[in-house]
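Student: Any chance you can model this:
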Amino acid sequence: MSAKAEPSHQTFATTGRSRKGEPIVWLTGAGLAIGITMAVGLFLLILVKGSASFWPRRIEIIEIRKGEKTEKIFGYIAESRERKGEQESVQREMKMFRGNKDIYKESFLYVDESQVISRTMPQNVVLFERLSDGPAIGEPVAVVTGELRTNAAEAVFSEKLQEMIAESAATRAKVTAVERNQIGKLSMAMEKLRYAEKAGRITKSEAAERKAAMDGEFVRLKALADETRESMSGKSLIYRLEDGREEEIPASQLLHVYSPNKNGFFGRMGEGLRRAWRFLCDDPREANTEGGVFPAIFGTVVMTLVMSLFVTPFGVMAAIYLREYAKPGLMVRIVRICMNNLAGVPSIVFGVFGLAFFIYFVGSQVDQAFFSEKLPTPTFGTPGILWASLTLALLTLPVVVVATEEALSAVPRGVREASLACGASKWQTIQRVVLPASLPGILTGVILAMARGAGEVAPLMLVGVVKLAPSLPLDAVAPFIHAERKFMHLGFHIYDLGFQSPDADAAKPLVYATALLLITVVIVLNLAAILIRNRLKKRFAVSSFWAYVPKHRHSPHAAPRFHHGGQFQLSLRPKANLVWCGNGHSRTTSHRLDRTFWLRKIYSAPQYESHEWPRRWCAPWGRYPHRRR
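Tutor: Okay, the predicted model is just below:
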């Protein structure tokens with residue numbers, strides 16, 4: 001007889017590091033370290049590059065050799081790099097910002113370091129920030145105020161220059177107030193009058209009379225703005241270029257003057273903070289390569305908040321129905337599969353859907369129903385911030401639904417049963433017990449939705465974002481909220497600066513600065529939501545305890561009925577004044593309680609009716625000793 005083959009058994013290591021799983025621990029730890037390093041490295045790169053765009057650099061006078069002649073250049077070094085020259089030789093070149101774009105047609109100049117003869121940093125070279133044509137660099141010569149000329153060598157030159165800059169800023173503010181507020185309101189009133197006449201709500205004679213009055217007011221306001229603007233004529237600053245030519249900057253174009261070579265570290269830091277503040281508060285200019293990004297910040301924040309207001313209630317209601325009411329079956333499985341697949345659809349598809357459904361269908365129906373007198377000019381049948389918010393709400397809906405379902409399923413079953421045992425209906429249980437306990441998880445889904453929606457760009461290009469918005473969705477002109485207006489967005493602003501800017505060299509630092517600002521806005525919004533979530537988590541915390549009910553000398557029957565101590569599960573909910581006891585029996589305490597609990601008996605006590613339960617069952621929190629299970 002042949003010997004039977006012994007069965008092979010899979011053996012496992014009983015000694016060594018593999019049994020403890022240390023290699024897997026090292027591998028997972030290495031993956032986590034690599035991921036954190038990449039994320040931190042990317043953030044540090046954006047932080048350094050973005051902060052460097054506000055740091056004032058020293059202005060140099062560089063003398064270079066061009067053939068047999070020499071030439072002087074005013075400017076600061078923006079970048080130094082290597083390039084391959086003739087015969088594969090490596091040469092270093094400097095990228096210099098020389099300003100004066102209106103004179104040289106280009107703001108940047110590349111200089112070969114081998115051609116440099118000398119480099120100096122004189123104290124009298126100044127950077128002039130202008131309203132148009134970018135900054136100018138040169139030596140100040142004189143301030144001209146009418147027939148009065150104050151030379152740079154005079155002691156009162158700096159004082160006269162700052163007075164002229166302050167007066168110019170006040171004049172621009174007055175002109176802006178007249179043009180945007182008063183003339184803007186008048187233009188909207190004239191537009192409403194034209195639509196009212198078209199709809200037949202007023203007669204032609206009355207419309208003509210009111211239009212004549214409005215035209216007269218428009219002429220008066222236009223003359224006031226022109227007069228205010230003309231008050232700055234005849235005032236200017238004269239400066240000298242590196243080749244000795246003198247140029248003039250009108251006072252209405254002069255924004256700021258700064259001498260980086262005269263200031264130390266703290267002076268330059270103050271100038272950097274001033275530039276960062278103006279970047280946050282000013283409107284963009286010069287094709288978004290100069291000025292600030294306040295309209296983009298405002299549009300990003302408003303769109304994200306409106307998107308959250310839309311996606312939160314719909315996502316929570318859908319999750320409640322799927323988790324609490326829908327019966328398991330084929331239809332529910334199909335809905336869940338579609339919801340999960342919806343999260344993987346490219347965002348541009350949502351943009352196309354928003355354009356077709358919200359704008360072309362819903363918007364056109366709204367125009368025909370409420371703004372028919374304005375047709376064929378669309379009001380809501382065109383891209384705007386409302387449709388952009390609804391599109392991104394649809395985009396982030398799966399995130400909120402999935403997170404809310406997980407939060408609802410995490411509520412202990414005992415809490416639900418205790419509420420139902422006290423006589424509450426299913427909706428009352430969901431409303432007063434389940435939802436408060438699951439709010440932290442719901443807010444986690446909202447935070448993830450806000451983070452994704454704030455950074456989306458592709459769908460916004462179809463449903464409302466623009467390169468430059470002349471007015472904000474919220475302003476001081478009635479009806480104050482303009483949901484039909486287009487808006488600016490920080491994400492699209494980055495795309496526009498990086499790929500569509502007419503001056504790529506000037507826009508490159510602003511790309512990093514805007515990216516840093518977008519990350520900061522998303523972090524601030526998420527931190528605000530996290531603080532609210534943590535506050536609600538402390539308020540609606542649910543925990544389980546075991547309470548031991550000892551013998552009581554006032555209840556002689558307690559010992560045999562409860563076997564020397566009955567066990568009850570306590571589910572705690574803070575901030576309430578009612579103590580629920582067993583099978584619907586309740587008692588309101590005479591003093592305010594910090595905690596309320598439902599009691600669910602582990603074993604039955606048929607000897608008692610609900611209204612006969614011992615008074616000590618209804619004891620407030622803290623009368624009897626407790627310990628965690």
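
Student: so where's the stretch 51-200 of the chain uncertain?
Tutor: 85-88 (pLDDT under 70).

Student: Which stretches in it count as strands?
Tutor: 60-66, 69-84, 90-97, 108-112, 116-120, 126-130, 136-145, 148-151 (DSSP state E, counting those that start in this stretch).

Student: Adding mean neighbour count and distance to F294, write those out as JSON lines.
Tutor: In short, each C-beta sits where N, CA and C put it, glycine included. Formatted as JSON lines, the strands of the stretch 51-200 of the chain follow (neighbours: other CB atoms under 10 Å; distance: least, CB to CB, whole Å):
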{"stretch": "strand 60-66", "mean neighbour count": "17", "distance to F294": "33"}
{"stretch": "strand 69-84", "mean neighbour count": "15", "distance to F294": "25"}
{"stretch": "strand 90-97", "mean neighbour count": "16", "distance to F294": "24"}
{"stretch": "strand 108-112", "mean neighbour count": "16", "distance to F294": "27"}
{"stretch": "strand 116-120", "mean neighbour count": "12", "distance to F294": "38"}
{"stretch": "strand 126-130", "mean neighbour count": "21", "distance to F294": "17"}
{"stretch": "strand 136-145", "mean neighbour count": "21", "distance to F294": "24"}
{"stretch": "strand 148-151", "mean neighbour count": "14", "distance to F294": "35"}
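
Student: which residues of the stretch 451-600 of the chain fall in strands?
Tutor: Going by DSSP E, counting those that start in this stretch, the stretch 451-600 of the chain shows strands at 544-549, 566-574, 578-581, 585-588, 595-601.

Student: Touching, I238 and R245? I think so.
Tutor: No: I238 lies out of contact with R245 (CB atoms under 8 Å); the separation is 10.9 Å.

Student: longest helix in this protein, by residue count?
Tutor: In terms of residue count, the longest helix belonging to the chain (DSSP state H) is helix 504-539.

Student: elements contacting that one?
Tutor: helix 22-52, helix 265-281, helix 294-320, helix 435-455, helix 490-499 (3 or more CB pairs under 8 Å, 6 or more residues apart in numbering; DSSP states H and E).

Student: need the ones you listed in CSV with mean neighbour count and distance to R119, can you?
Tutor: Supplementary listing: these in CSV, determined by neighbours: other CB under 10 Å; distance: least, CB to CB, whole Å:
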stretch, mean neighbour count, distance to R119
helix 22-52, 12, 21
helix 265-281, 14, 19
helix 294-320, 20, 38
helix 435-455, 21, 43
helix 490-499, 21, 31
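
Student: right, so of those, which gets closest to E139?
Tutor: helix 265-281 (19.1 Å; CB to CB).

Student: Give the next helix or strand downstream of the closest one.
Tutor: The first helix or strand that comes after helix 265-281 along the chain, using DSSP states H and E, is strand 284-285.

Student: Show me what the helix or strand following that next one is packed against.
Tutor: Downstream of strand 284-285, the first helix or strand assigned by DSSP H and E is strand 290-291. Strand 290-291 sits against strand 284-285, with contacts defined as 3+ CB pairs under 8 Å, 6+ apart.

Student: List the contacts of the strand it packs on.
Tutor: Strand 284-285 has contacts (CB atoms under 8 Å, 6 or more residues apart in numbering) with L131, S132, E290, G291, G292, V293, P295, A296, L468.

Student: any idea how far it is from the chain center?
Tutor: 20 Å (CA atoms, centre = their mean, to the nearest Å).

Student: Okay, now the sheet partners of it, with direction.
Tutor: Strand pairing for strand 284-285, using DSSP bridges, gives strand 290-291 (antiparallel).

Student: distance between the strand it pairs with and the chain's centre?
Tutor: That offset, for strand 290-291, works out to 21 Å (CA atoms, centre = their mean).

Student: avg pLDDT for it?
Tutor: The pLDDT scores in strand 290-291 average 86.

Student: And for stretch 335-345?
Tutor: Mean predicted lDDT for stretch 335-345 stands at 85.

Student: Now that stretch: buried residues?
Tutor: M339 (16 or more other CB atoms under 10 Å).
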